[in-house]
Structure formats: C-alpha cells, structure tokens
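Q: The following block contains a protein sequence and its predicted model.
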Amino acid sequence: MATDKNTTYNENHSKKVYVPVADIYETEDLYSLKMEIPGVPKENLDISIENNELTISAKSAIEDKADEKCRYSEFSSMDYKRSFRIGNDIDRSKVEAKLENGVLTLLLHKHETVKPRKITINQIN
Amino acid sequence: MYTYNFFEDAMNLRDIFDDFFTRKTSYEPYREFPFVKIHEGDDRLTITSLMPGIKPEDVDIQLVDDSLVIAGEKKADYEEKPYLRKERFFGEFKKSIKLPYRVNHQSIRADLKDGVLTITLEKSEDAKPKKIEIL
C-alpha cells in the first residue's frame, strides 16, 4: 500500500495529468486513503484494481468557456491519475469510496483472515 | 577533428534543471494557496479557485476597495491513526486578487462545488464606457 508509481505525463491528451496528493493510514481492519481531486464530479471518477494495482483516474469538469478570455491563471484544467501497489491483504470486494468537497476517501478493508483475532482462553478445572 | 562546443553542454545542463523544476505534481508550493484562475467575458469576471476539502462556512470572501479577498481555513481531517503518507496541506490562507475594474456589489455570486469555488462578478454601471451626446 505504501508504494506508489508516481508519474506525471501527457497521455495523447490535451489536458495535463496530475498526480493528486494523498494521505494514507492503516488500522487493524483497513487502509484509508484520502486524495484531493477538486473539480471532479462523481461520474468522472474511475477507480479500478487490477493485478495488485489500484488506479484512480479522474477527469476534471472545469471547462473554459469559449466566450471568456483567460486573464490570469495559476492552474491548468487538469485530469488526475495515480496508482498504488496493494498487497494481498486487501479484500478486493470490500472497497468503499466517498467523494466530498473535492476530496476522495477510499476505505480498503482487509481480508478477515489477516485481521488480528483474539483467542479466548477456556479455563478447565 | 572535434571542436568542443561549450554551449551544447550548457544547454544540456539547462534542460536537466528545467526538467527538474517543471515536472509537477498537483502540489505546487511556490504558488500561494488557493490557486486561482481569472476569466473575463463581456462585462463579467469569473474567478475559479481550487479548494478541495473546504466547506462553504470555512471560506470568507470580501470585497475591499478594488480587491477581492478570499480568506479561510482548511481544517485538518487527520485522525489518531498511524499514517503511511501525509502529503496534504492544511492551515489558514488569505489571498487578495486585484480586480481590473469596479464591480457591481449586489450581483456577486459564489458557488462551491466539488472543491471548486466559482465567483462571478459583474462590471459596475459606472465603470462602463459612457457615450456623451453633444447637444
């Protein structure tokens, strides 16, 4: 989960593809990933897991209006893409995604078998 | 016979530096947060700003003289958990944007959607050119 394949590139695309910044934490049950992707509506977001690789790609819906001239710009209209290598401890069927105020939260649950389990001790007299 | 061209090497070095400085992630600390974009239409200004993770109540937009001041706080959403990665930035911000002309105070509109703030401003009536009739 900690490894990512960090690249910025142009994929025969008019828009720049940015690597969004992310926060990741791990608990006993899950990995939580928070990523900033402003300007992306839910339907433009694509999350996939393939061969131990989690890929998040998103298309920005910020469009420059044709009748308006750009006067000043600190960012270009951007698409986002970032991949992470994930281990076998993650249950592929239990991934929750939430998009709120331009922040994507992914909860990647671990398999039941890798979760710590408490063993009860039976007292026999 | 080979003539050593100093400039060729110098250019190579420049490319290396350019490459290093222009290779960007969406985290660009040399610009002040939040990043803005200003578009101008007919008597209309549109200011777009990227504000991921900021709620409308945490942003304060004010019109001061001929500037638009966007201030607020991006509140940290860290939890008491062991983090593997911390790349996001949190904190207070304030940015002032000088407007090219006076704007109509009544018709200012600000929308925050999907982490993008859009402010629409209209040119004030007294900033528009006025034709003076000769009697």
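A: Nice, thanks for sending it over. Numbering: from 1, shown residues only, chains lettered A, B, ... in the order given.

Q: Please count neighbours and contacts with C-alpha atoms only from this point.
A: Will do.

Q: buried sites along stretch A:68-84?
A: A:70, A:77, A:78, A:79, A:80, A:81, A:82, A:83, A:84 (16 or more other C-alpha atoms under 10 Å in any protein chain shown).

Q: what's the spacing between stretch B:98-107 and its chain's center?
A: 18 Å (C-alpha atoms, centre = their mean, to the nearest Å).

Q: does any bit of it sit next to chain A?
A: No: Stretch B:98-107 lies apart from chain A when judged by C-alpha under 8 Å from any C-alpha of the partner chain; the minimum separation is 9.8 Å.

Q: Can I get stretch A:42-52 in CSV, CA atoms only?
A: Output of stretch A:42-52 as CSV, limited to C-alpha atoms (Å, rounded to 0.1, in the frame of the first residue of the first chain):
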residue,chain,number,x,y,z
LYS,A,42,-18.7,11.5,-9.1
GLU,A,43,-19.4,10.3,-12.6
ASN,A,44,-16.0,11.3,-13.9
LEU,A,45,-14.2,9.2,-11.4
ASP,A,46,-12.8,5.8,-12.2
ILE,A,47,-11.3,3.5,-9.5
SER,A,48,-10.0,0.1,-10.5
ILE,A,49,-8.0,-2.7,-9.0
GLU,A,50,-6.1,-4.9,-11.4
ASN,A,51,-3.2,-7.2,-10.7
ASN,A,52,-2.3,-5.7,-7.3
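
Q: could you give the mean pLDDT of stretch B:41-61?
A: Per-residue pLDDT over stretch B:41-61 has a mean of 91.

Q: how about it: buried residues?
A: Neighbour-count burial for stretch B:41-61 flags B:45-56, B:59 (criterion: 16+ other C-alpha under 10 Å).

Q: how about the helices in chain A?
A: Using DSSP state H, no helices are found in chain A.

Q: And for it, the residue most distant from the center?
A: In chain A, counting by C-alpha atoms, centre = their mean, residue A:125 sits farthest out from the average C-alpha position, at 53.2 Å.

Q: picking that back up, of all the buried residues of stretch A:68-84, which comes closest to residue A:59?
A: residue A:79 (4.7 Å; C-alpha to C-alpha).

Q: Relative to chain B, how far out is that closest one?
A: Using C-alpha to the nearest C-alpha, to the nearest Å, residue A:79 is found at 10 Å from chain B.

Q: was I right about that residue contacting residue A:18?
A: Yes: counting by C-alpha atoms under 8 Å, residue A:18 is a contact partner of residue A:79 at 6.1 Å.

Q: Give me the neighbour count for the closest residue in space to residue A:111 that isn't next to it in sequence.
A: Among residues not flanking residue A:111 along the chain, residue A:91 sits closest, at 4.9 Å (C-alpha to C-alpha, 6 or more residues apart in numbering or on different chains). Residue A:91 has 14 neighbours, counted by other C-alpha atoms under 10 Å in any protein chain shown.

Q: Which strands or helices does the lengthiest strand in chain A pack on?
A: Ranked by number of residues, the top strand in chain A under DSSP state E is strand A:90-100. The contact analysis (3 or more C-alpha pairs under 8 Å, 6 or more residues apart in numbering or on different chains; DSSP states H and E) places strand A:90-100 against strand A:103-110.

Q: chain center to the strand it packs on: distance?
A: Once both centres are worked out by C-alpha atoms, centre = their mean, strand A:103-110 turns out to sit 7 Å from its chain's centre.

Q: Strand partners (parallel or antiparallel) of that strand?
A: According to DSSP bridges, strand A:103-110 forms sheet pairs with strand A:30-36 (antiparallel), strand A:90-100 (antiparallel).

Q: Show me what the residue minimising distance to the centre of chain B is bridged to.
A: With the centre of chain B defined as its mean C-alpha position, the nearest residue by C-alpha atoms, centre = their mean is residue B:36, 1.6 Å away. Legend: beta-bridge partners of residue B:36 under DSSP bridges are residue B:49.
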